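Asks: how would this look folded up:
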Amino acid sequence: MTKVKICGLTEAVHVQAAVEEGADAIGFVFAPSRRQVSVGKAAELASQIPQSVLKVGVFVNATMSEIQAIFEAVPLDIVQYHGDETPEFIAHVGLPAFKAFSIKNSEDIHRAGVYPVTPLFDAPGIEFKGGSGKTFNWDILKETGVQERPFILAGGLNAENVSEAILRVNPIMVDVSSGVEIEKRKDEQLIREFIKMVKRKK
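Replies: Model (predicted):
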């Protein structure tokens, strides 16, 4: 049963669409990005999200105090680390977490094995840390046997290819951002279509 995370939301109308269509998680980006949201705005949007939907905060090399303060202020359910955070740092922060890894080859997959949190496998970023809106070679996941461990899949997913992704590599969750945008802005209909495509694979 694959879950769905819609990431990089900044507007109430898109949060509402995601919640209504059955998203399992919504992501707020607190790192430098065109999707970056203020803590105040994230808290406002989070107030519209039912407890059954996870609120995920995306951070890149933030300090422990920054992460903890934002986690409590929004409040968040999960921290998503997208920087150079070490296993020791993540353990020291002590909050529920995902850790993102940019996948170029099998070594990147094996690097995730030392982290005691759920890995999120993404395509390498271009302008900012995080995804590029492009897919990576999913065969790397199959070749390394990583499917024996729960993981999240991101990178270039959209309503057209997410069914294939689920069938090929069986992630516990798929994470989309640019794949539900038109001209760099989230689109209600694309959000709904993406979630429907995932949910029908259950």
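
Asks: and the helices in the chain, which stretches?
Replies: According to DSSP state H, the chain carries its helices in the segments 12-21, 39-46, 64-73, 87-93, 106-111, 139-144, 162-169, 188-199.

Asks: next, format the ones you listed as TSV and append mean pLDDT.
Replies: TSV is the format used below for the helices of the chain (pLDDT from 0 to 100):
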stretch	mean pLDDT
helix 12-21	98
helix 39-46	98
helix 64-73	98
helix 87-93	97
helix 106-111	87
helix 139-144	80
helix 162-169	93
helix 188-199	97
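
Asks: distance to Val53 and mean neighbour count added to the ones you listed, as CSV?
Replies: C-beta: built from backbone N, CA, C; applies to glycine. As requested, the helices of the chain are exported to CSV (distance: least, C-beta to C-beta, whole Å; neighbours: other C-beta atoms under 10 Å):
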stretch, distance to Val53, mean neighbour count
helix 12-21, 6, 18
helix 39-46, 10, 17
helix 64-73, 16, 15
helix 87-93, 23, 14
helix 106-111, 29, 14
helix 139-144, 26, 16
helix 162-169, 19, 16
helix 188-199, 12, 19
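
Asks: Pro32 is nearest to which of these?
Replies: Shortest separation from Pro32 across the helices of the chain is recorded for helix 64-73, at 13.2 Å, computed as C-beta to C-beta.

Asks: against which helices or strands is the closest one packed?
Replies: Contacts defined by 3 or more C-beta pairs under 8 Å, 6 or more residues apart in numbering; DSSP states H and E place helix 64-73 against helix 39-46, strand 54-59, helix 87-93.

Asks: go through these and name the closest to Ala69.
Replies: Closest approach to Ala69 among the helices and strands packed on helix 64-73 is made by helix 39-46 (8.1 Å; C-beta to C-beta).

Asks: now the closest one against helix 12-21, angle please.
Replies: Angle of helix 39-46 versus helix 12-21, following axes from the mean of the first three to the mean of the last three C-alpha atoms, to 10 degrees, is 40 degrees.

Asks: who touches Asn137 in this structure?
Replies: By C-beta atoms under 8 Å, 6 or more residues apart in numbering, the contact set of Asn137 is Ile103.

Asks: re the thing from before, next, format the helices of the chain as TSV and append distance to Pro32.
Replies: Listed next are the helices of the chain as TSV, based on distance: least, C-beta to C-beta, whole Å:
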stretch	distance to Pro32
helix 12-21	21
helix 39-46	15
helix 64-73	13
helix 87-93	19
helix 106-111	22
helix 139-144	28
helix 162-169	27
helix 188-199	24
